[in-house]
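[1] Okay, predicted coordinates and the sequence, questions at the end:
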Amino acid sequence: MVNNFSIAVHGGAGTILRSTMTPELQSQYEMGLKDAVDTGYKILEAGGSSLDAVEAAVVTLEDFPLFNAGKGAVFNNIGGHEMDACIMSGKGLEAGAACGVGHIKNPVKLARAIMERSPHVLLGGVGAEQFAKQQNLVFEDDAYFYTEQRYQQWQDALKEDKIRLDHSEKKFGTVGAVALDQLGNLAAATSTGGMTNKKFGRIGDSPIPGAGTYANNNTCAVSCTGHGELFLRCVVAYDISCLMEYKGLSLKEACDLVVYDKLVKIEGEGGLIAIDKLGNMEMPFNSDGMYRACRNNIGRYEALIYK
Ligand code: ASP
């Protein structure tokens with residue numbers, strides 16, 4: 001008998017307002033999400049690992065220009081791209097992460113290389129890029145990361161001297177995946193361009209194990225999206241795992257408490273995707289919407305944006 005397996009992905013928790021979303025754009029987003037979830041699902045279906053599934057799903061999302069990660073990453077204050085990523089395995093709590101890196105086509109691959117081929121967990125900036133070169137990861141020039149939409153958002157933010165989460169008023173953007181494989185191993189990965197117009201080497205929650213990304217075979221795997229500063233302060237991903245481990249809450253109870261209560265109390269807008277060791281999946285958010293999709297071997301298959 002095949003053990004249950006499942007995967008969930010997200011493309012950020014701040015969506016374009018329903019009023020400005022067109023049917024064409026909505027179907028592009030849904031296609032991007034389905035493509036990512038299917039990529040990971042096929043790996044799980046063939047007996048592959050959850051780690052491979054979340055990495056492949058996040059690569060698909062990084063390559064998709066509408067999401068804020070890899071191609072399509074937001075501009076920082078000086079017109080560059082500084083990206084953050086993390087990957088974590090629930091089996092042995094191994095983790096790898098990179099922050100503030102430029103020109104790397106798929107930051108999640110760098111995170112995985114750091115996890116598997118360095119003695120460290122988190123590498124930043126120039127050093128992380130040097131390590132990526134040693135590992136023969138693919139680099140791209142500025143033109144690859146340029147998208148007109150992100151450029152305009154940066155120009156608008158510059159005019160107002162605002163630091164923005166992804167785009168327009170309350171928009172977030174990040175991509176992530178969580179999965180459970182047939183062997184019962186959980187994994188999580190997150191990748192982001194961070195905030196439009198960010199300064200001073202700002203790093204959010206995404207690359208920090210326990211804050212924006214976490215996986216533990218005893219409890220759950222989580223990938224977050226939202227206002228990173230608040231997610232850091234709430235140690236969101238680890239808190240969900242702890243509520244399950246120490247308090248015996250179900251995945252849904254833990255997610256609901258953190259997203260709809262604890263985060264709301266400090267105005268922490270955003271959401272997350274989470275999966276437990278039985279394959280249950282939750283995708284809660286307290287923002288207007290969250291680009292999200294999930295698929296399992298017992299017939300659940302959805303791609304959604306709004307509530
Ligand atoms: N959490 C990410 C950050 O703060 C942004 C996001 O998810 O939209 O960098």
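    Perfect, I can see it now.
[2] buried residues in the strand or helix carrying Lys42?
    Using DSSP states H and E, Lys42 sits within helix 23-45. Buried residues in helix 23-45, counted by 16 or more other Cβ atoms under 10 Å: 29-30, 32-41, 43-45. Backbone N, C-alpha and C define where each C-beta goes, glycine included.
[3] do the same with stretch 268-282
    268-277, 279-282.
[4] burial count for Arg292?
    27 (other Cβ atoms under 10 Å).
[5] helix, strand or coil for it?
    strand (DSSP: H, G, I helix; E, B strand; the rest coil).
[6] quick one: contacts for it?
    By Cβ atoms under 8 Å, 6 or more residues apart in numbering, Arg292 lies in contact with 8-11, 33, 271, 273, 283, 285, 303-305.
[7] Was I right to think Gly204 contacts Gly212?
    Yes. Assessed by Cβ atoms under 8 Å, Gly204 is found in contact with Gly212 at 6.8 Å.
[8] Need the residues touching each of the two.
    Listed as contacting both Gly204 and Gly212 by Cβ under 8 Å, 6+ apart are 228, 231-232.
[9] which one of the residues you listed has the most neighbours?
    Most crowded among those, counting by other Cβ under 10 Å, is Gly228 at 28 neighbours.
[10] list the contacts for the closest residue to that one other than its chain neighbours?
    Distances taken as Cβ to Cβ, 6 or more residues apart in numbering place Gly204 nearest to Gly228, at 2.5 Å, with adjacent residues excluded. Residues in contact with Gly204 (Cβ under 8 Å, 6+ apart) are 84, 192, 194-195, 212, 228-229, 231-232.
[11] Repeat the analysis, applying 10 Å as the threshold.
    84, 99, 165, 172, 174, 190, 192-195, 198, 211-212, 224-232 (Cβ atoms under 10 Å, 6 or more residues apart in numbering).
[12] Same check on Tyr306?
    Contacts for Tyr306 (Cβ under 10 Å, 6+ apart) come out as 15-18, 21, 26, 288-291.
[13] on that earlier part again, restricted to helices, list the contacts of Gly204.
    228-232 (DSSP state H).
[14] filter the residues you listed by proximity to the ligand?
    Among the ones in helices among the contacts of Gly204, proximity to the ligand is found for 228, 231 (Cβ under 6 Å from any ligand atom).
[15] about what we covered before: weed out the non-buried ones from the contacts of Arg292.
    For the contacts of Arg292, a neighbour count by 16+ other Cβ under 10 Å gives the buried set as 8-11, 33, 271, 273, 283, 285, 303, 305.
[16] okay, and the helix or strand of the protein with the least pLDDT?
    With mean pLDDT, DSSP states H and E as the measure, the helix or strand of the chain carrying the lowest mean pLDDT is strand 164-165 (a mean of 58).
[17] as a whole number, average confidence for whatever helix or strand comes next after that one?
    Downstream of strand 164-165, the next assigned helix or strand under DSSP H and E is strand 175-180. Mean pLDDT, strand 175-180: 98.
[18] Around the ligand, which positions in the stretch 151-300 of the chain sit nearby?
    Counting by Cβ under 6 Å from any ligand atom, the stretch 151-300 of the chain comes close to the ligand at 165-166, 172-174, 192, 194-195, 204-206, 212, 225-226, 228, 231.
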